[in-house]
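**Q** Just to be clear, the model below is a prediction. Sequence and coordinates:
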Amino acid sequence: MDADELNEERSPYVAGPDAAISAAWLAEFEAAARRPLETRFRYAFIHTYKPVLDDAPFRAFDTTADYRRWCEENLPDWLGYGRI
């Protein structure tokens, strides 16, 4: 294996059929890495409203069974808190 083959093997973002996409992705990553930490944290998390779950600041349950029952009775199926 020569040096070029070794470099291609170690760095899939440098060469290959998706090189343009990979170069763009790498440029985005490097730009994000130069932002201040506070800005990176602000953009790192996307808040998505979750019906029922986000409507109360706090809930507590005596048992896991109580929690699971509450989820099944109150949360939409698409949130994924139901039993399988």
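**A** Yes, it's here. Model, not experiment: these values are computed from the prediction. Numbers count the residues shown, from 1 in each chain.
**Q** Domain boundaries for this structure, per the record?
**A** 3-44, 47-84 (automatic domain parsing).
**Q** And the lowest mean pLDDT element among the helices and strands of the chain?
**A** One helix or strand of the chain scores below all others by mean pLDDT, DSSP states H and E: helix 3-10, with a mean of 51.
**Q** The domains of the chain: lowest mean pLDDT?
**A** The weakest mean pLDDT among the domains of the chain belongs to domain 3-44, with a mean of 74.
**Q** contacting residues for Tyr81?
**A** Cys71, Glu72, Leu75 (C-beta atoms under 8 Å, 6 or more residues apart in numbering). To be clear about C-beta, it is placed using only N, CA and C from the backbone, and glycine gets the same treatment.
**Q** Repeat the analysis, applying 10 Å as the threshold.
**A** Applying C-beta atoms under 10 Å, 6 or more residues apart in numbering, one finds that Tyr81 lies in contact with Lys50, Val52, Leu53, Tyr67, Arg68, Trp70, Cys71, Glu72, Asn74, Leu75.
**Q** what's the answer for Glu73, then?
**A** Listed by C-beta under 10 Å, 6+ apart, Glu73 has no contact partners.
**Q** Give me the nearest residue to Arg40, chain neighbours excluded.
**A** In space, and not counting its chain neighbours, Arg40 is closest to Ala32: 6.5 Å by C-beta to C-beta, 6 or more residues apart in numbering.
**Q** Near that neighbour, how many other residues are there?
**A** Neighbours of Ala32 under the rule other C-beta atoms under 10 Å: 12.
**Q** Show me which pair in the contacts of Tyr81 is furthest apart.
**A** Lys50 and Arg68 (17.0 Å; C-beta to C-beta).
**Q** Glu30 versus Ala24, what's the distance?
**A** Distance, Ala24 to Glu30, by C-beta to C-beta, to the nearest Å: 11 Å.
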